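> From the sequence below, what's the structure:
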Amino acid sequence: MGAIQAIGASDGDAFAASLDQRTASLFIGRLDDDATRIHVELGWNSGTYGLAHVGWDGEAFAVHSQTALTGELFVARVASTGQVILPQTKYGVTSGVPRGYCMSTGPGTGTTYLFDAVLSSLAPRR
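Numbering: from 1, shown residues only. Below is the predicted model:
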(Lines give C-alpha, C1' and ligand atoms only; values in the text may rest on other atoms or scores of the structure.)
Protein backbone atom coordinates (compact mmCIF):
# COMPACT_ATOMS: atom_id res chain seq x y z
CA MET A 1 0.00 0.00 0.00
CA GLY A 2 0.96 3.63 0.22
CA ALA A 3 -0.55 7.07 0.50
CA ILE A 4 -3.79 7.88 -1.29
CA GLN A 5 -2.86 9.54 -4.57
CA ALA A 6 -6.35 10.51 -5.68
CA ILE A 7 -9.95 9.72 -4.80
CA GLY A 8 -13.30 10.38 -6.46
CA ALA A 9 -16.92 9.71 -5.55
CA SER A 10 -19.76 8.77 -7.88
CA ASP A 11 -23.20 10.35 -7.75
CA GLY A 12 -24.31 7.22 -5.82
CA ASP A 13 -22.48 5.29 -3.11
CA ALA A 14 -19.41 4.17 -5.10
CA PHE A 15 -15.94 5.66 -4.72
CA ALA A 16 -12.59 5.02 -6.41
CA ALA A 17 -9.12 5.58 -4.97
CA SER A 18 -5.56 5.09 -6.06
CA LEU A 19 -3.78 3.79 -2.98
CA ASP A 20 -0.26 3.48 -4.39
CA GLN A 21 0.99 5.34 -7.44
CA ARG A 22 3.54 2.60 -8.25
CA THR A 23 0.88 0.00 -9.01
CA ALA A 24 -1.15 1.99 -11.57
CA SER A 25 -4.30 0.46 -10.13
CA LEU A 26 -7.60 1.63 -8.72
CA PHE A 27 -9.62 0.47 -5.71
CA ILE A 28 -13.41 0.74 -6.02
CA GLY A 29 -15.63 0.43 -2.99
CA ARG A 30 -19.16 1.27 -1.91
CA LEU A 31 -20.33 3.19 1.14
CA ASP A 32 -23.49 1.08 1.32
CA ASP A 33 -21.67 -2.30 1.09
CA ASP A 34 -18.43 -2.98 3.00
CA ALA A 35 -17.94 -6.24 1.09
CA THR A 36 -17.54 -4.50 -2.29
CA ARG A 37 -13.81 -4.26 -2.95
CA ILE A 38 -12.87 -4.14 -6.61
CA HIS A 39 -9.23 -3.93 -7.70
CA VAL A 40 -8.71 -2.63 -11.25
CA GLU A 41 -5.38 -2.78 -13.06
CA LEU A 42 -5.24 0.31 -15.24
CA GLY A 43 -2.65 -1.17 -17.59
CA TRP A 44 -0.09 1.59 -17.86
CA ASN A 45 3.53 1.84 -16.72
CA SER A 46 3.40 3.63 -13.37
CA GLY A 47 7.07 4.58 -13.75
CA THR A 48 6.15 6.72 -16.76
CA TYR A 49 2.65 7.95 -15.90
CA GLY A 50 1.75 9.55 -12.60
CA LEU A 51 -1.84 9.52 -11.41
CA ALA A 52 -3.17 13.07 -11.38
CA HIS A 53 -6.89 12.92 -10.61
CA VAL A 54 -9.90 10.64 -10.13
CA GLY A 55 -13.32 12.16 -10.76
CA TRP A 56 -16.84 11.08 -11.63
CA ASP A 57 -17.97 12.17 -15.10
CA GLY A 58 -21.64 11.31 -14.64
CA GLU A 59 -21.30 7.75 -15.96
CA ALA A 60 -17.88 6.44 -14.90
CA PHE A 61 -14.73 7.31 -12.98
CA ALA A 62 -12.42 9.48 -15.07
CA VAL A 63 -8.88 8.48 -14.08
CA HIS A 64 -6.36 11.05 -15.25
CA SER A 65 -2.61 10.55 -15.56
CA GLN A 66 0.32 12.62 -16.76
CA THR A 67 3.82 11.91 -18.03
CA ALA A 68 6.40 13.62 -15.84
CA LEU A 69 8.78 14.43 -18.70
CA THR A 70 6.46 15.76 -21.41
CA GLY A 71 3.37 16.89 -19.48
CA GLU A 72 1.07 14.86 -21.74
CA LEU A 73 -2.32 14.21 -20.13
CA PHE A 74 -4.27 10.96 -20.40
CA VAL A 75 -7.65 9.72 -19.22
CA ALA A 76 -9.08 6.25 -18.67
CA ARG A 77 -12.76 5.64 -17.85
CA VAL A 78 -13.72 2.94 -15.36
CA ALA A 79 -17.29 1.92 -14.50
CA SER A 80 -18.27 1.60 -10.85
CA THR A 81 -18.36 -2.18 -11.49
CA GLY A 82 -14.63 -2.13 -12.35
CA GLN A 83 -14.97 -2.50 -16.13
CA VAL A 84 -12.50 -0.35 -18.08
CA ILE A 85 -14.74 1.50 -20.55
CA LEU A 86 -11.97 3.58 -22.13
CA PRO A 87 -8.32 2.57 -21.86
CA GLN A 88 -5.72 5.25 -21.24
CA THR A 89 -6.14 7.87 -24.02
CA LYS A 90 -4.13 11.05 -24.59
CA TYR A 91 -6.19 14.23 -24.58
CA GLY A 92 -3.85 17.15 -23.92
CA VAL A 93 -0.62 18.64 -22.54
CA THR A 94 0.17 20.87 -19.57
CA SER A 95 3.35 22.75 -18.76
CA GLY A 96 2.79 22.26 -15.04
CA VAL A 97 4.88 19.75 -13.15
CA PRO A 98 2.95 16.79 -11.72
CA ARG A 99 0.80 18.07 -8.89
CA GLY A 100 1.59 21.65 -10.00
CA TYR A 101 -2.03 22.08 -11.06
CA CYS A 102 -5.54 21.30 -9.88
CA MET A 103 -8.20 19.30 -11.69
CA SER A 104 -11.92 18.87 -11.21
CA THR A 105 -14.47 16.78 -13.13
CA GLY A 106 -18.06 17.99 -13.47
CA PRO A 107 -20.50 15.09 -13.07
CA GLY A 108 -23.24 16.92 -14.97
CA THR A 109 -21.18 17.62 -18.08
CA GLY A 110 -18.40 15.01 -17.88
CA THR A 111 -15.90 17.81 -18.51
CA THR A 112 -12.62 17.88 -16.63
CA TYR A 113 -11.12 21.28 -15.89
CA LEU A 114 -7.39 21.71 -15.35
CA PHE A 115 -6.04 24.90 -13.82
CA ASP A 116 -2.32 25.32 -14.30
CA ALA A 117 -0.05 28.03 -12.93
CA VAL A 118 3.68 28.56 -13.00
CA LEU A 119 4.52 28.35 -9.32
CA SER A 120 7.36 30.88 -9.48
CA SER A 121 4.95 33.53 -10.78
CA LEU A 122 2.84 33.11 -7.64
CA ALA A 123 5.75 33.83 -5.28
CA PRO A 124 5.68 37.16 -3.44
CA ARG A 125 7.83 39.86 -5.06
CA ARG A 126 10.18 42.14 -3.08
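> Span of stretch 94-103 from start to end?
Separation of the first and last residues of stretch 94-103 by C-alpha to C-alpha, to the nearest Å is 12 Å.
> Now do the strands in this protein.
Assigned by DSSP state E, the strands in the chain fall at 6-9, 14-18, 25-30, 33-41, 49-56, 61-67, 72-78, 84-93, 101-105, 112-116.
> contacting residues for M103?
52-53, 55, 64, 112-115 (C-beta atoms under 8 Å, 6 or more residues apart in numbering). The way it works is simple: take the backbone N, C-alpha and C, and place the C-beta from them, glycine included.
> switch the cut-off to 10 Å
The neighbourhood of M103, defined by C-beta atoms under 10 Å, 6 or more residues apart in numbering, consists of 6, 52-55, 62, 64, 66, 73, 94, 112-116.
> cool, D33 as well?
13-14.
> Report the two of the contacts of M103 separated the most.
Largest separation among the contacts of M103 by C-beta to C-beta: V54 and D116, giving 18.5 Å.
> which of these two has more neighbours?
Between V54 and D116, counted using other C-beta atoms under 10 Å, the more crowded position is V54 (23 against 13).
> Check the gap between the more buried one and A79 for me.
Here V54 is placed at a distance of 13 Å from A79 (C-beta to C-beta, to the nearest Å).
> which one of the contacts of M103 is nearest I28?
V54 (10.1 Å).
> Nearest residue to that closest one in space, please, no chain neighbours.
G8 (3.7 Å; C-beta to C-beta, 6 or more residues apart in numbering).
> same check, this time on S104
Per C-beta to C-beta, 6+ apart, closest to S104 is Y113, 5.3 Å.
> check contacts around the one you found.
55, 102-106.
> and it, how far is that from H64?
The separation that Y113 has from H64, given C-beta to C-beta, amounts to 11 Å.
> that older thread, joint contacts of V54 and A79?
In contact with both V54 and A79: F61, using C-beta under 10 Å, 6+ apart.
> Identify the farthest-apart pair in the contacts of Y113.
The largest separation in the contacts of Y113, counting by C-beta to C-beta, is between C102 and G106 at 13.8 Å.
> So the residue nearest to V54 is in contact with W56, correct?
Yes - distance between G8 and W56: 5.4 Å, which falls inside the contact criterion (C-beta atoms under 10 Å).
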